[in-house]
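Visitor: what's the 3D shape of this:
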Amino acid sequence: MKQIHSYLTFNGNCREAMSFYQECLGGELYFQTIGESPMADKMPSQMKNCILHSTLKNDNFIIMASDMVGDKGLIKGTNASLMLNCSSEEDIQNTYQKLATDGQATHPLEHTFWGALFGGLTDKFGNQWLLNFDKTQQG
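Guide: Model prediction:
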C-alpha cells in the first residue's frame, strides 16, 4: 500500500529544525550525516556535518528532512516534498511515469546505497515528489 509523508529541505539547519519539531511533537528522531554516508568522499568536506537524511516518527506521523539543497538553492515552494513509499518495483515505475507526465523528471529512478529504488520529480502543477521503494520490504 502506498504511503505519503512530508519531506522538508533545509539549508544547513536541518538538525536544529528537526530537534525543535521533536520537542514540539514528540517521537523518535534519527539523523544520518553526509560524513556518515557512502557519499562522504563525493561531497565537499565542509558538508560532512550536514544532514543527508533525518526522520521524526511516532504512531501518527512521519516527517523526513535533509540539508541536501538542489543546484538552484533553497527556493520558497521547493523546501517541501511529498514522499511516496511504493509497494513494488512495478508500482514505483508506473507511478513515477504517470506523475512525471507533462512535468519534469528531476532525479530519475535509481538503485541506492540504502537498498531502495528512489527518484524525484516535479509534477505538471509544480509540486515536488520523492518516490521510494524499499527492496528489503518486498514480499
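Visitor: how's the chain carved up into domains?
Guide: As recorded under automatic domain parsing, the domains making up the chain are 9-73, 86-139.
Visitor: what about Asn58, neighbour count?
Guide: For Asn58, the tally of surrounding residues (other C-beta atoms under 10 Å) stands at 12. C-beta here means a position set from N, CA and C on the backbone, and glycine is covered the same way.
Visitor: just checking, it touches Gly27?
Guide: Yes. With contact defined as C-beta atoms under 8 Å, Asn58 counts as touching Gly27 (3.6 Å).
Visitor: just to revisit the earlier point, CSV for the domains of the chain, including mean pLDDT and distance to Ala80?
Guide: Formatted as CSV, these follow (pLDDT from 0 to 100; distance: least, C-beta to C-beta, whole Å):
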stretch, mean pLDDT, distance to Ala80
domain 9-73, 89, 7
domain 86-139, 89, 7
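Visitor: in a markdown table, list those domains along with distance to Lys2.
Guide: Output for these, formatted as a markdown table (distance: least, C-beta to C-beta, whole Å):
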| stretch | distance to Lys2 |
| --- | --- |
| domain 9-73 | 14 |
| domain 86-139 | 6 |
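Visitor: residue boundaries of the helices in this structure?
Guide: Counting by DSSP state H, the segments of the chain that form helices are 14-25, 89-100.
Visitor: now distance to Asn132 too, for those, in a markdown table please.
Guide: Output for the helices of the chain, formatted as a markdown table (distance: least, C-beta to C-beta, whole Å):
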| stretch | distance to Asn132 |
| --- | --- |
| helix 14-25 | 18 |
| helix 89-100 | 7 |
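Visitor: got those helices as TSV, with distance to Gly70 and mean neighbour count columns?
Guide: Below are the helices of the chain laid out as TSV (distance: least, C-beta to C-beta, whole Å; neighbours: other C-beta atoms under 10 Å):
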stretch	distance to Gly70	mean neighbour count
helix 14-25	15	15
helix 89-100	17	16
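Visitor: nearest to Gly35, out of those?
Guide: Closest to Gly35 of these is helix 14-25 (C-beta to C-beta; 12.8 Å).
Visitor: what's next to the closest one, contact-wise?
Guide: When contacts are defined by C-beta atoms under 8 Å, 6 or more residues apart in numbering, helix 14-25 is touched by residues 8, 10, 29, 31, 50-51, 54, 56, 58, 61, 63, 65-67.
Visitor: all good on my end, thank you.
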